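J.: any chance you could fold what I've pasted below:
(one chain, ligands or ions: 2)
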Amino acid sequence: MNQQVNAELYSAYLYLSMAADFEAENLHGMAHWMQIQAKEETGHALKFFKYIVERGGRVTLTAVAAPPTQWDSPLAVFEQVYKHECHVSSLINKLVELAAAEKDHASEVFLQWFINEQVEEEANASEILHQLKMVGDSKQGLFLLDRHLAQRQ
Ligand SMILES: [Fe+2]
Ligand SMILES: [Fe+2]
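T.: Ligands and ions are numbered 1, 2, ... in the order given. Predicted structure coming up:
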């Protein structure tokens, strides 16, 4: 779970880096979407932090790896988001398997929230990815999608 704290913080760092790249490309709506995503990932890290402490564990923070800083296109960004979320899902699944093997029922219940969250995360990334594929090379389409993603609360 300490490793998962790091993985969630890396996710936040990755999405913040994507936000920076979108800002540099004047895609402020997409940058806004990524900033909210980064905040959510920090929230996930804190959920694990709190749970480790509640169960009498010791939180140990380790170095967060540097994320990439540039992408070729918005499509390339969201392809990586989708791939990354699938990777995080596999990490959560491994934790569930470990909790089951250890007969740690409390942790299994705790991890259920993350199982559901990952379904949503993968679906959100996949939806935007499909929309970007639909838009193709249309600047107008990209402009509208950027404005749409600016609405994220
Ligand atoms: Fe997360
Ligand atoms: Fe996520």
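J.: and the residue of the protein closest to ligand 1?
T.: Closest approach between the chain and ligand 1, counting by Cβ to the ion: His44, at 3.6 Å. Using the backbone N, CA and C atoms, a C-beta is placed for each residue, glycine as well.
J.: need the pLDDT of that residue.
T.: His44 carries a pLDDT value of 98.
J.: helices or strands next to the helix or strand containing it in the packing?
T.: Using DSSP states H and E, His44 maps to helix 28-54. Helices and strands touching helix 28-54, by 3 or more Cβ pairs under 8 Å, 6 or more residues apart in numbering; DSSP states H and E, are helix 2-24, helix 74-101, helix 105-135, helix 139-149.
J.: what number of residues lie near the residue of the chain closest to ligand 1?
T.: By other Cβ atoms under 10 Å, the residues close to His44 number 23.
J.: hmm, Glu117 and it touching each other?
T.: Yes: His44 is in contact with Glu117 according to Cβ atoms under 8 Å; the separation is 7.4 Å.
J.: and the residue of the chain most remote from its centre, its phi and psi?
T.: Computed with Cα atoms, centre = their mean, the residue of the chain farthest from its C-alpha average is Lys103, at 28.3 Å. The phi/psi pair for Lys103 (degrees, to the nearest 10) reads phi 50, psi 40.
J.: same check on Gly57?
T.: Dihedral angles for Gly57 - degrees, to the nearest 10 - are phi -90, psi 180.
J.: who's in contact with it?
T.: Residues near Gly57 by Cβ atoms under 8 Å, 6 or more residues apart in numbering: 1-2.
J.: and it, what pLDDT?
T.: Per-residue pLDDT puts Gly57 at 98.
J.: same check, this time on Glu23
T.: pLDDT at Glu23 comes out at 98.
J.: same question, the one 10 residues further on
T.: pLDDT, Trp33: 98.
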